[in-house]
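K.L.:
Here is a sequence with its predicted model. Questions after.
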Amino acid sequence: MTRSMIVWLVLTVAAGTGLFVVKHAVQDLEEQLARLDGEIRRDQEAIHVLNAEWSYLTRPARLSELAARHLDLKPPGPGQTATSVERLPLLHPAAYPGAPSAAGRAIEAAP
C-alpha cells in the first residue's frame, strides 16, 4: 500500500465517523424539538382553557350576584356625600400611628 492510499483511508474513516456522530446528534435534537413542541401545544391548550374559565368567572352578572350575596353593600345615603371640601371630616394624626404628622414634616423640612 502506498502512503497516499493510507492517508485517504484514514480520511474516509474519519469522515464516516464524523457523519455518524453528527447524524445521532441531529436525531437527538429532533427528538428534543418534538418533545418541546408537544409541551408548547399542551401549554397553549391549557392557556385557552384558563382564559375561558376566567371569562366565565368574571361575567358582570355573576360578579354582581356574588357582591349582592356576600358584601352587603348599599347605595350611599344623602348624608354620606360631601357637597363641599369644608364638609369633609378632618382626620386626626393619631388615627394613623405610623404616619408622620404635618407638624413633624414641617420640622423635618426646615434647614
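P.N.:
Cool, got the structure. Numbers count the residues shown, from 1 in each chain.
K.L.:
Would you map the strands across the chain?
P.N.:
Using DSSP state E, no strands are found in the chain.
K.L.:
From the centroid of the chain, which residue is nearest?
P.N.:
Centroid-nearest residue in the chain, with Cα atoms, centre = their mean: I47, separated by 12.2 Å.
K.L.:
and stretch 72-84, average pLDDT?
P.N.:
Stretch 72-84 carries an average pLDDT of 79.
K.L.:
Per-residue confidence, V13, what does it come out as?
P.N.:
For V13, the predicted pLDDT is 94.
K.L.:
if I look at it, how far off is I6?
P.N.:
11 Å (Cβ to Cβ, to the nearest Å). (Glycine included, C-beta is placed from N, CA and C.)
K.L.:
re earlier: pLDDT wise, what is the residue nearest to the centre of the chain at?
P.N.:
Taking I47 on its own, its pLDDT is 98.
K.L.:
same thing with H92?
P.N.:
So H92 comes in at 71 (pLDDT).
K.L.:
What is the longest helix of this structure by residue count?
P.N.:
Longest helix in the chain by number of residues (criterion: DSSP state H): helix 3-57.
K.L.:
Q44: neighbour count?
P.N.:
10 (other Cβ atoms under 10 Å).
K.L.:
How about the one 5 residues further on?
P.N.:
V49 sits with 10 neighbouring residues when counted by other Cβ under 10 Å.
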